[in-house]
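Asker: I'll drop the sequence and a predicted model, then ask my questions.
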Amino acid sequence: MLKFNFSVKNRMGQRVSNIIIGGRDRADAERKLFQMYRHCTILECAFRRPEEKTWHAAELEDALSATPE
């Protein structure tokens, strides 16, 4: 699922930033956005890359056998 970062102006004229919505594509994300913020105006939309997890789970045996320094 892709993630999009929206900044919108709501119907009262207030700016709402950093609304992150996941979707199959931008049209799907906009559809979900308009369900939450009816009659809003999109000011910005940025594609947000999914962050890859670089950490790995440690093995239980490695954690138990490690000696504190």
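Answerer: Done, it's in. Residues are numbered from 1 along each chain as shown.

Asker: From here on, just use CA atoms for contacts and neighbour counts.
Answerer: Fine.

Asker: Find the nearest non-adjacent residue to Ile42, please.
Answerer: In this structure, Ile42 finds its nearest non-sequential neighbour in Val8, 4.4 Å apart by C-alpha to C-alpha, 6 or more residues apart in numbering.

Asker: so what secondary structure elements neighbour the host helix or strand of that neighbour?
Answerer: Using DSSP states H and E, Val8 sits in strand 2-9. Applying 3 or more C-alpha pairs under 8 Å, 6 or more residues apart in numbering; DSSP states H and E, we find strand 2-9 packed against strand 15-23, helix 26-36, strand 41-48.

Asker: again, 7 Å this time
Answerer: strand 15-23, strand 41-48 (3 or more C-alpha pairs under 7 Å, 6 or more residues apart in numbering; DSSP states H and E).

Asker: does the residue nearest the centre of the chain have beta-bridge partners, and which?
Answerer: Nearest to the mean C-alpha position of the chain, by C-alpha atoms, centre = their mean, lies Ile20 at 4.2 Å. Beta-bridge pairing of Ile20 under DSSP bridges involves Asn5.

Asker: In stretch 38-50, which residues are buried?
Answerer: For stretch 38-50, a neighbour-count test (16 or more other C-alpha atoms under 10 Å) marks 40, 42, 45 as buried.

Asker: likewise stretch 6-18?
Answerer: 6-9.

Asker: Looking at those, which is nearest Lys32?
Answerer: Phe6 (11.4 Å; C-alpha to C-alpha).

Asker: Mind pulling the model confidence for that closest one?
Answerer: Looking at Phe6, its pLDDT stands at 97.

Asker: Help me confirm that it comes into contact with Thr41.
Answerer: No - counting by C-alpha atoms under 7 Å, Phe6 does not reach Thr41; the two are 10.3 Å apart.

Asker: re the thing from before, can you put the buried residues of stretch 38-50 in CSV and add pLDDT and distance to Ala29?
Answerer: Formatted as CSV, the buried residues of stretch 38-50 follow (pLDDT from 0 to 100; distance: C-alpha to C-alpha, whole Å):
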residue, pLDDT, distance to Ala29
Cys40, 95, 14
Ile42, 97, 12
Cys45, 96, 10
